[in-house]
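S.K.: Generate a structure from the sequence data that follows.
(chains A and B)
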Amino acid sequence: GDSVTQMEGPVTLSEEAFLTINCTYTATGYPSLFWYVQYPGEGLQLLLKATKADDKGSNKGFEATYRKETTSFHLEKGSVQVSDSAVYFCALSDPGDSSYKLIFGSGTRLLVRP
Amino acid sequence: NAGVTQTPKFRVLKTGQSMTLLCAQDMNHEYMYWYRQDPGMGLRLIHYSVGEGTTAKGEVPDGYNVSRLKKQNFLLGLESAAPSQTSVYFCASSTRQGPEGEQFFGPGTRLTVL
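M.R.: Numbers count the residues shown, from 1 in each chain, chains lettered A, B, ... in the order given. Below is the predicted model of the structure:
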C-alpha cells in the first residue's frame, strides 16, 4: 500500500540556518503531496502542496518540489526562525482512492534556537 | 466562522468506560475524518465519511464506531475503552475537491485511558 517516510527528528537548528526535512513516498499512482505543520497544542495546518511531477509548492518561505524520479518531496527553508519550531508532517493523497484520505509520515520535530 | 471544533479537549477514562467525541464543522464540507496521533507514528485514519448518513472504515477502526447523522457533525464513539486507545484524536474535514484538496483539522482531543 501507499506509504510516506520522513527523516526522524528532532532537528535542532540555530536561527537563520538552512532547513531540509527529507520525505519519500511509495504509491501505485500519481499522488498529491502535502506538508502539514503542527504548532504546540494545536491541530495540523496545511503548509504547502504539489499535485503533479515537478510542481513546486511554497508558502511562508518554505518550499518543496515533487520529484517523481526519486519519489521525494523534501521540505526546505533558507533561513529558519524561532517561530518555525513545530512538528512537520509529509502526507500523500492517492487519486485512485475516492475517500481522498491522507497518508502521513511519522512527523519531524523542528526546534529552532535563538 | 469557527472551522472545525472538537469536544471535549481532554478526557480521562477508566478501562471499560464509554464516551463520545464530537466534531463539528461550519464550512459545509462533504468529507469528514477521524485520525488518531500516537508518538512516532504520525496520524492514522480511524473512520471517515463522504457525506451525511455515510461512514466507512479507515486503517485502525477496531474498538471505535462513528455516526454522521447531520452533515456538519461527525461523532466518534468508544464503547469499551482500553489503554491502547490512549491517544490524541483529530477530526478533519474537506470539500469534494479531489485528492489535491486541503483537509482542515480541529484542535484535537487528548484521551487517557487508565
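S.K.: can we go C-alpha only for contacts and neighbour counts from here?
M.R.: Fine.
S.K.: State the number of residues packed around residue A:1.
M.R.: Neighbour count of residue A:1, defined by other CA atoms under 10 Å in any protein chain shown: 5.
S.K.: How about it: what's its closest non-neighbour residue?
M.R.: Excluding its sequence neighbours, the residue lying closest to residue A:1 (CA to CA, 6 or more residues apart in numbering or on different chains) is residue A:27, at 7.0 Å.
S.K.: What distance do you get for residue B:92 to chain A?
M.R.: According to CA to the nearest CA, to the nearest Å, residue B:92 and chain A sit 9 Å apart.
S.K.: Partner strands of the helix or strand hosting that residue, with direction?
M.R.: Using DSSP states H and E, residue B:92 sits in strand B:87-94. Paired neighbours of strand B:87-94 in the sheet (DSSP bridges): strand B:31-37 (antiparallel), strand B:104-105 (antiparallel), strand B:109-113 (antiparallel).
S.K.: Enumerate the positions of stretch A:48-55 that are buried.
M.R.: Neighbour-count burial for stretch A:48-55, counted by 16 or more other CA atoms under 10 Å in any protein chain shown, picks out A:48-53.
S.K.: Kindly reformat the residues you listed as CSV containing distance to chain B, pLDDT and secondary structure.
M.R.: Below are the buried residues of stretch A:48-55 laid out as CSV (distance: CA to the nearest CA, whole Å; pLDDT from 0 to 100; DSSP: H, G, I helix; E, B strand; the rest coil):
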residue, distance to chain B, pLDDT, secondary structure
A:48, 10, 96, strand
A:49, 8, 94, strand
A:50, 8, 94, strand
A:51, 6, 91, coil
A:52, 10, 90, coil
A:53, 13, 92, coil
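S.K.: what sits against the residue in chain A that chain B sits nearest to?
M.R.: When scored by CA to the nearest CA, chain A has residue A:106 as its residue closest to chain B, at 3.8 Å. Counting by CA atoms under 8 Å, 6 or more residues apart in numbering or on different chains, residue A:106 touches A:5-6, A:8, A:89, B:40-43.
S.K.: ok, back up a step: comparing the strands paired with strand B:87-94, which comes out most buried?
M.R.: strand B:31-37 (a mean of 25; mean count of other CA atoms under 10 Å in any protein chain shown).
S.K.: Contacts for that strand, please.
M.R.: So strand B:31-37 is contacted by A:99, A:101, B:43-51, B:74, B:76, B:87-96 (CA under 8 Å, 6+ apart).
S.K.: Closest residue of chain B to chain A?
M.R.: For chain B, CA to the nearest CA, closest residue to chain A: residue B:42, 3.8 Å.
S.K.: How many residues are close by that residue?
M.R.: With other CA under 10 Å as criterion, residue B:42 counts 21.
S.K.: Could you do residue B:73 as well?
M.R.: For residue B:73, using other CA under 10 Å, the count is 18.
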